[in-house]
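> Fold the following for me, if possible:
(3 chains)
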Amino acid sequence: MRRRDNVALGARAIGVAAFVVVIAILPRFLSDFRASEMARVGIFFIALVGLNILTGYTGQISLGHGAFMAVGGYASALLIAGRPGLELAQLEAPDWLPVGDGMRDFWTIPIAALVAGAFGFLVGLPALRLRGLYLALVTFALAVSVPILLREPEKLTGGTNGLNLFGTTEDRLTGAIDNTVHIPVLGKDMTFNDWTYYLAWTVALVGLAIAWLILRGRSGRAFKAIRDSEVAATSSGVSLASYKTLAFAISAAYAGAAGALLTILSTIVTPGSFPVFLSIQLLIGVVIAGLGSLGGLMFGALFLYYLPVGIQELADIGSLPNGLQDAAKSPGMPSVIYGVALILVLFLLPRGAAGFLRRLLIPLTKRL
Amino acid sequence: MSELLQQVVIGLASGAIYALLALALVLIHRATGVINFAQGEMAMFSTYIAWQLVQWGVPYWLAFAATIALSFGGGMALQRVVIRPVENAPVLTVVIVTLGLLLIFNGLATWLWSGEVRTFPPNRPFPTRTFEIGGVVINVQDIGIVLVTLALVAALWAFFRFTRAGLALRAAALYPESSRLVGIRVGWMLGVGWGLAAALGAVSGMFTAAAFPPLEPTMMQAVLIYAFAAAVLGGIDSPAGAVVGGLTLGVFLNLVGTYADDLQNLGFPVNLEGLRLPVAFVFILAVLLARPQGLFGRAEARRV
Amino acid sequence: MGDGEVVAVLGPNGAGKTTTLRAVSGTVTRRGEVTFDGKRLPRSPERTARLAIAHVPEGRGTFSEMTVLENLRLGAYTRRNGMGEDLERVYGFFPWMRKRADQQAGTLSGGEQQMLALARALMGRPRLLLLDEPSLGLAPIVVREIFEIVRRLNQEEKLSVLVVEQNATVALESSSRAYVLEAGKVVLEGPSAELARNEDVRRAYLGY
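Residues are numbered from 1 along each chain as shown, chains lettered A, B, ... in the order given. All right, here's what the predicted structure looks like:
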């Protein structure tokens, strides 16, 4: 038993190391455009790590995590712009809001995470009283409401047009305007897309490490206990309330960081950046990835980003059979394919990608 | 005062639409324990089918009836093919499956009919006449919607109460094991439940297109949220609750929108006009926290 | 089983008595065949019910949120022609149901619910009744009443009964033949009167 555990741990460590290495050198093989695509995959990945802690570990279903991404995204934009930036856009923030005078873009990421985390805590409190389907329902309604709520306080959020950071001074935006980012440590220059790739994936790996630490610690055990049986957990002294709201807060923080990265990457944020579909996608992602494990998350993030995009690209290149070609390019088809793929995956791989991987690997590790 | 009554009537009409969709949600939840996130998109899809039939020359009311029948069949097929395999799967899986259906119906509608904005029905089925009672101007269409809805609800009630099939459906939903022992084909019954729900949704959709043009793929998204709110208010397993909840919510939201300016003048921090969806969300949250079983539901004790 | 027989199945907990009944009605999957009246039984409870086999499960299985009358109507589900006659017959056996037809089944006493379950089964004009632990949770007087009704059903309606029981005394008194099941195997079988006199049976199940 010991030996097999050690082997499994060793295998995992090698896997993670390989993963990190691949991430680090990938941009050299990718076009600039693909680098920005992979940055977006990274953004999904970060959000999925967080949502996985909430849904995969404590079993609370959230269809509203797009809302936390929105909080992070808008917080980041507001902080980058600062009062001077808002004034330039003919907007203004109320006095009590600590928007500051403008901040370097990547510094807003942890702050956005904290802000989103606080919101997550606030949402987590009433969520305590809601079970399964009802929580899904409420968070769904939240997701639908968010774009509207973002439009309304026009003076602050810029209404339907959102916050456009291109007008903001260059010293706060890294590389977005001139497309070169100078890295002092390595003495090299890189393009904006490569920069966002590395930024996103650095945050992702840091986030992954933090998640791993949390999950193997006391909180992690508490989360798992809650998922397996709330009643049993309570009777063993696990304080349901604190851990469930903690999970909400943590997952929201991750989503907030992802949202901030999205703002930085797009240099603009609008209510349309966080539609209902985004929240649905995130939940789909953790389920496809396989709940309660970190391994399948990469697959989940790739699935989320590439499924609709991939179909379109295949259609453009012309590698689809003739009948499907036109269909794939028309609006609406990606949705259909998404939905069908989703249902098929659920039927065929009820435990998601992670479960599938586990089933593949278990017989392998048995032989060792 | 007459202004108020007028708004109440208008609110009842939208409330009837919410009630129908809420009823569909409740039916499905009672029968299969599932919250069907795709109910709105299914309703929208049915409405497009109706539109297409009319385009092909079918008279409106015939198309209306045909759509109801087709939706019934479609709903039944959906339950048998997609839902049954995941009957015993964890909650999350079923949620995701209905979300998948949401995506599929949304995509199919956009693909087949494009996101173009249309009116349906092209020639109003309910005359747009208005008439006056005691100084209150009432739209015939609104009254028509409310009456047809009430008639459908009554018919459904009679079906469940007095017919053999209705009784079997109720039994199948509540006690599947015992129902099998008396010879009820529980699987088919659940299919009928989904079929009925889809049919109700179709009516809701067709009324929405008539009362709140235009016909477009996103038209039922808000209605779905209002239907959730209504179902939750009435009690997620109570058909009567869904109807009462829907009508109440319709009136409430309409009044909120109408008097939003006045509310703001009275010191309310935000102008609620245009915030009906967030209001509905707060509503859902408040009900689920304060009285989760809704008005007509029964409090659930969890077996430990 | 012979036509018109009452056969009892006895045994300790976990012996597989309930499972046997469920295997006959098709509620659980089974390997092998069960023949009834020369025909092989289907493997699903719904179809088995249509062949005039009524299964009254452990715990009665009454539709508690429905009224007595609704329960009875459901019992007649498989009968296409009117149930008026059947209802009268049932009221003949259980006169109290006539007056309390609109009472919610869940509010009936344990004995009354058992009777309702029997009545519901009767509505389907069954030829074979599978009865699972009818005495469970009932007072001795009520148990005797129930078994008296079973006896009448067997004699007046020519209903064959396969009854699974933990209460061996009552079961042996009411049946003509019996089997004793232990750990899934038949360890003893024979006429009930003989089994009642059998040493091992007396010690293990009759308490003396």
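
> could you pull out the helices for chain C?
Secondary structure of chain C (DSSP state H): helices at C:17-25, C:45-49, C:68-75, C:84-93, C:96-99, C:110-123, C:140-156, C:168-174, C:192-197, C:199-201.

> Does residue A:210 belong to a helix, a strand or coil?
When classified by DSSP: H, G, I helix; E, B strand; the rest coil, residue A:210 comes out as helix.

> Measure how buried it is and give me the count.
As a burial measure, residue A:210 scores 14 neighbours (other Cβ atoms under 10 Å in any protein chain shown). Every residue, glycine included, has its C-beta placed from N, CA and C.

> gap between it and chain B?
Distance, residue A:210 to chain B, using Cβ to the nearest Cβ, to the nearest Å: 25 Å.

> just so I know, which of the helices of chain C lies nearest chain B?
For the helices of chain C, proximity to chain B was assessed by Cβ to the nearest Cβ; helix C:45-49 is nearest, at 3.5 Å.

> counting contacts, what elements does the helix or strand containing residue A:277 pack onto?
Residue A:277 is part of helix A:276-289 when elements are defined by DSSP states H and E. Counting contacts by 3 or more Cβ pairs under 8 Å, 6 or more residues apart in numbering or on different chains; DSSP states H and E, helix A:276-289 packs against helix A:32-51, helix A:65-88, helix A:132-151, helix A:297-317, helix A:333-348, helix A:352-366, helix B:91-113.

> Now the weakest link among those, please, by mean pLDDT.
Note on these: lowest mean pLDDT is at helix A:352-366, with a mean of 60.

> which residue packs closest to the spatially most central residue of chain C, ignoring adjacent ones?
The centre of chain C sits closest to residue C:131, judged by Cα atoms, centre = their mean, with a distance of 1.8 Å. Leaving aside its sequence neighbours, residue C:131 sits nearest to residue C:163 (Cβ to Cβ, 6 or more residues apart in numbering or on different chains; 4.3 Å).

> if I look at that neighbour, how far off is residue C:130?
Using Cβ to Cβ, to the nearest Å, residue C:163 is found at 8 Å from residue C:130.

> what stretches of the stretch 1-150 of chain B score poorly on pLDDT?
For the stretch 1-150 of chain B, applying pLDDT under 70 flags the ranges B:121-128, B:134-135.

> quick one on the thing from earlier: in CSV: the helices of chain C, plus distance to chain B, mean pLDDT and mean neighbour count.
Putting the helices of chain C into CSV (distance: least, Cβ to the nearest Cβ, whole Å; pLDDT from 0 to 100; neighbours: other Cβ atoms under 10 Å in any protein chain shown) gives the following:
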stretch, distance to chain B, mean pLDDT, mean neighbour count
helix C:17-25, 7, 85, 21
helix C:45-49, 4, 86, 23
helix C:68-75, 5, 90, 24
helix C:84-93, 13, 85, 16
helix C:96-99, 17, 88, 14
helix C:110-123, 7, 89, 23
helix C:140-156, 17, 87, 16
helix C:168-174, 22, 85, 21
helix C:192-197, 27, 82, 17
helix C:199-201, 31, 76, 13
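
> Nearest to residue B:211, out of these?
Residue B:211 sits nearest to helix C:68-75 of all the helices of chain C, at 38.0 Å, using Cβ to Cβ.

> and the longest helix seen in chain B, anywhere near chain C?
Secondary structure of chain B read by DSSP H shows that its longest helix is helix B:2-32. No - if you take Cβ under 8 Å from any Cβ of the partner chain as the test, helix B:2-32 misses chain C, and the best it gets is 11.4 Å.

> Next SSE downstream of that helix?
Heading C-terminal from helix B:2-32 (DSSP H and E), you reach helix B:39-55.

> tell me the angle of that following helix relative to helix B:2-32?
Angle between the axes of helix B:39-55 and helix B:2-32 is 110 degrees (criterion: axes from the mean of the first three to the mean of the last three Cα atoms, to 10 degrees).

> Leaving out sequence neighbours, find the closest residue to residue A:252.
Closest to residue A:252 by Cβ to Cβ, 6+ apart is residue A:120, at 2.3 Å.

> what number of residues lie near the one you found?
By other Cβ under 10 Å, the residues close to residue A:120 number 31.

> ditto for the one 4 residues further on
Residue A:124 has 25 neighbouring residues, counting by other Cβ under 10 Å.

> again with residue B:217
Counted with other Cβ under 10 Å, residues neighbouring residue B:217 total 25.

> quick one, strands of the stretch 51-200 of chain B?
Using DSSP state E, counting those that start in this stretch, the strands of the stretch 51-200 of chain B run over B:130-133, B:136-139.

> That should have said the stretch 101-250 of chain A, apologies.
Taking DSSP E, counting those that start in this stretch to define them, one finds strands in the stretch 101-250 of chain A at A:163-164, A:181-183, A:188-190.

> Go through the ones you listed and pick out the most buried.
Mean neighbour count (mean count of other Cβ atoms under 10 Å in any protein chain shown) peaks for strand A:163-164 among those, with a mean of 22.

> Give me the angle between the helix with the most length in chain A and helix A:65-88.
The longest helix of chain A (DSSP H) is helix A:240-266. Angle between the axes of helix A:240-266 and helix A:65-88 is 50 degrees (criterion: the same axes, to 10 degrees).

> Need the mean per-residue confidence for helix A:240-266.
Averaging pLDDT along helix A:240-266 yields 91.

> ok, now how distant is residue A:299 from residue A:305?
Residue A:299 is 11 Å from residue A:305, by Cβ to Cβ.

> Same question for residue B:115.
Per Cβ to Cβ, residue B:115 is found 23 Å from residue A:305.

> Those two: which is more packed in?
Comparing residue B:115 with residue A:305 by neighbour count (other Cβ under 10 Å), the higher total belongs to residue A:305, at 21 against 12.

> ok, that one touching residue A:47?
No - between residue A:305 and residue A:47 there is no contact under Cβ atoms under 8 Å: 11.5 Å.

> Next up, the contacts around residue B:250.
Residue B:250 makes contact with B:11-19, B:226 under the criterion Cβ atoms under 8 Å, 6 or more residues apart in numbering or on different chains.

> ok so, going back, what comes into contact with whichever helix or strand comes after the longest helix of chain A?
Moving toward the C-terminus from helix A:240-266, the next helix or strand (DSSP H and E) is strand A:268-269. Identification of contacts with strand A:268-269 by Cβ under 8 Å, 6+ apart yields A:73-74, A:76-77, A:162-166, A:262-263.

> Tell me how many other residues crowd the residue nearest to residue A:59 when sequence neighbours are not counted.
Excluding the flanking residues, the one nearest residue A:59 by Cβ to Cβ, 6+ apart is residue A:227, at 4.3 Å. Neighbourhood size, residue A:227 [other Cβ under 10 Å]: 18.

> likewise residue C:139?
Using other Cβ under 10 Å, residue C:139 has 12 neighbouring residues.

> Now do the contacts for the residue nearest to it when sequence neighbours are not counted.
Nearest residue to residue C:139, sequence neighbours excluded (Cβ to Cβ, 6+ apart): residue C:111, at 7.4 Å. Going by Cβ under 8 Å, 6+ apart, residue C:111 touches C:138-139, C:142, C:145-146.

> Chain neighbours aside, what residue packs nearest to residue C:205?
residue C:168 is the one closest to residue C:205 (Cβ to Cβ, 6+ apart), at 3.8 Å.

> Equivalent analysis for residue B:152, please.
Leaving aside its sequence neighbours, residue B:152 sits nearest to residue B:203 (Cβ to Cβ, 6+ apart; 6.5 Å).

> and residue 138, how many neighbours does it have?
No chain in the question, so chain A it is. When neighbours are counted by other Cβ under 10 Å, residue A:138 registers 26.

> looking at chain C here, not the other one
Neighbours of residue C:138 under the rule other Cβ under 10 Å: 19.
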